[in-house]
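>>> with the sequence up front, the predicted model follows.
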Amino acid sequence: MNERITEFIRAFADALEAGTFVKLTLGNYKGTDEHLQKIFLRRITTRKGERMLFQYRYDMRDLVKNYELGEARERLEKYLLSGFRNSHLFTTENDFQLDIGKRNARLNKGKPTFRKLPQKHHDREKHHLIDPGSEYLRALGVSSEDGKIRADQRDKWKQINKFVEVVDGLIERSGLMGKGEISAVDMGCGKGYLTFALYDHLVNNRGIAATITGIDRRADLMETCESIAKACDFEGLNFRVGDIAGAEVGSPDILIALHACDTATDDALAKGVAAGATVIVAAPCCHQQVRKQLRPPAELAEILKHPVLLERTAETLTDGLRSMLLESRGYATKLFEFVATEHTPKNNMLVAVKEREPDAEMADAAAELMARYGITEQRLATELSVQAISA
């Protein structure tokens, strides 16, 4: 092995031993994997102890794995010999840059870019339930390597904390907090920002043995999320590929559906009811099924002849009917405006807690409301065997 490569690996090992290691980046990849671009290394602390996190940057996705510190050195040597031509090691004492050519290698040593190690504890004093320096937030791109929220992710950060705050309150209200073990399913979880945060909060803040499953139809996202969960030693958190309509959810305490569109929201709500979930959380959008059928009563015809008002009425009726239908099955419900992000306007959030016996009169009221507005079919009503009747 080239002497300069050996020196670079030795500098990495020495920095780990001395506690001066900040991060390491492998780039300019010329190996056999046509999709691999870079690898980022940083030291993390998990429940199993100190580990080295490897974040693999591919052209369309990221994968994350962690290794024991001793194995990290072996991995680094392997990657340096298998196609990475440019590497940067950052320590609090020096920076090292290794450039590997076809015939030789060059190692440059310079002044440190970082004088201090990344902080491990951040702004808990600001009453955030989630630590912005959490490894999964870094891996998901919400936080920078020094544990600070990225400027373009501040809306997402606000949404994450608000979501955890809302669900925490629902768990308190429902009595699940005293259970000691909580299971949840997040249907249509997307990139998993909220799924990770809820698991982190329940396990590390509340001390609850949580089991959470994220489900999404995009296999690449689920592979990335699963790799991050494993790298963070989140043993009770897993992700799998599936769609809302066909997914098996078991019997979770909590069912979440924040990215479901139109009738997919109803499919998720129906699954929550059928599974006997104690808490249901949804953020409905795209109320097209009701909008296409809507026939306003005569006294409202002049008002609702305007498309913008008809659209808003369809949204109000759809979410109102969902609330009524859940209440007919014994849930106490609440609808409120949820936090917006840069790319997502504010949506209503519908939350439900199972607190009482089923209410047949509420089901009849929902059926009468459907008939009054010419709605012959609404997916959740169909799933719960409620049909429109004459007022």
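It's in.
>>> which other residues reach stretch 78-95?
1, 5, 8-9, 11-12, 15, 18, 20-33, 39, 96-101, 109-117 (CB atoms under 8 Å, 6 or more residues apart in numbering). C-betas here are computed from N, CA, C, even on glycine.
>>> likewise for stretch 291-311?
Here stretch 291-311 has contacts from 313-314, 317, 372-377, using CB under 8 Å, 6+ apart.
>>> so which of these are in strands?
Nothing among the contacts of stretch 291-311 maps onto strands, per DSSP state E.
>>> picking up where we left off before, just the buried ones from the contacts of stretch 78-95?
Among the contacts of stretch 78-95, those scoring as buried are 5, 8-9, 11-12, 15, 20-26, 29, 39, 96-98, 100, 114 (criterion: 16 or more other CB atoms under 10 Å).
>>> where does the chain dip in pLDDT?
Applying pLDDT under 70 to the chain flags the ranges 119-127, 340-346, 390-391.
>>> okay, now the domains of it?
3-110, 124-383 (automatic domain parsing).
>>> before we move on, which element is V166 in?
helix 154-174 (DSSP states H and E).
>>> just give me the neighbour total for the residue nearest to L317 when sequence neighbours are not counted.
Closest residue to L317 apart from its sequence neighbours, by CB to CB, 6 or more residues apart in numbering: V290 at 5.7 Å. Neighbour count for V290, taken as other CB atoms under 10 Å: 24.
>>> same deal with V164?
20.
>>> residue contacts, it?
V164 is in contact with 129-130, 194, 197-198, 201, counting by CB under 8 Å, 6+ apart.
>>> one more pass at 6 Å, please.
Neighbouring residues of V164 by CB atoms under 6 Å, 6 or more residues apart in numbering: 129, 197-198, 201.
>>> got it, and G27?
Contacts of G27 (CB under 6 Å, 6+ apart): 38, 86.
>>> D266 too?
Contact partners of D266, counting by CB under 6 Å, 6+ apart, are 379-380.
>>> which helix or strand contains it?
helix 263-275.
>>> show me how far the following helix or strand past that helix is from its chain's centre.
Per DSSP H and E, helix 263-275 leads on to strand 279-282 as the next helix or strand towards the C-terminus. The chain centre lies 16 Å from the centre of strand 279-282; the measure is CA atoms, centre = their mean, to the nearest Å.
>>> the stretch 101-250 of the chain: helices as residue ranges?
Ranges of helices in the stretch 101-250 of the chain, per DSSP state H, counting those that start in this stretch, are 135-139, 154-174, 193-200, 219-231.
>>> mind putting these into CSV with distance to G242?
Listed next are the helices of the stretch 101-250 of the chain as CSV, based on distance: least, CB to CB, whole Å:
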stretch, distance to G242
helix 135-139, 21
helix 154-174, 22
helix 193-200, 14
helix 219-231, 9
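>>> give me the contacts around stretch 13-23.
So stretch 13-23 is contacted by 42-43, 69, 73, 90-93, 114 (CB under 6 Å, 6+ apart).
>>> again, only using 7 Å
When contacts are defined by CB atoms under 7 Å, 6 or more residues apart in numbering, stretch 13-23 is touched by residues 40-43, 69, 73, 90-93, 114, 117-118, 145.
>>> swap in stretch 351-358?
166, 170, 173-174, 278-281, 326, 328-334.
>>> let's go with 6 Å and repeat that
Contacts for stretch 351-358 (CB under 6 Å, 6+ apart): 170, 173-174, 278-281, 326, 329-334.
>>> distance-wise, check E302 relative to L310.
12 Å (CB to CB, to the nearest Å).
>>> which of the two has more neighbours?
Taking neighbours as other CB under 10 Å, E302 and L310 compare with L310 leading, 16 against 9.
>>> quickly find the element holding that one.
helix 307-328.
>>> who does the following helix or strand past that helix pair up with?
The first helix or strand that comes after helix 307-328 along the chain, using DSSP H and E, is strand 331-337. Paired neighbours of strand 331-337 in the sheet (DSSP bridges): strand 348-354 (antiparallel).
>>> now the angle from the strand it pairs with to helix 307-328?
Per axes from the mean of the first three to the mean of the last three CA atoms, to 10 degrees, the angle that strand 348-354 makes with helix 307-328 is 10 degrees.
>>> counting neighbours, what do you get for I389?
The burial count for I389: 11, using other CB under 10 Å.
>>> for V185, which of the helices of the stretch 101-250 of the chain is the nearest?
The closest of those to V185 is helix 193-200. By CB to CB, the value is 9.7 Å.
>>> contact partners of that closest one?
130, 136, 160, 163-164, 167, 186, 189, 210, 212, 214, 234, 237.
>>> okay, the contacts of stretch 291-311 in TSV with neighbour count next?
Formatted as TSV, these follow (neighbours: other CB atoms under 10 Å):
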residue	neighbour count
T313	19
A314	21
L317	21
R372	16
Y373	20
G374	13
I375	23
T376	11
E377	14
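>>> E77: which of the residues you listed is nearest?
For those, the nearest to E77 is A314 (61.5 Å; CB to CB).
>>> so the closest one makes contact with Q288?
No: if you go by CB atoms under 6 Å, A314 and Q288 don't touch, sitting 8.1 Å apart.
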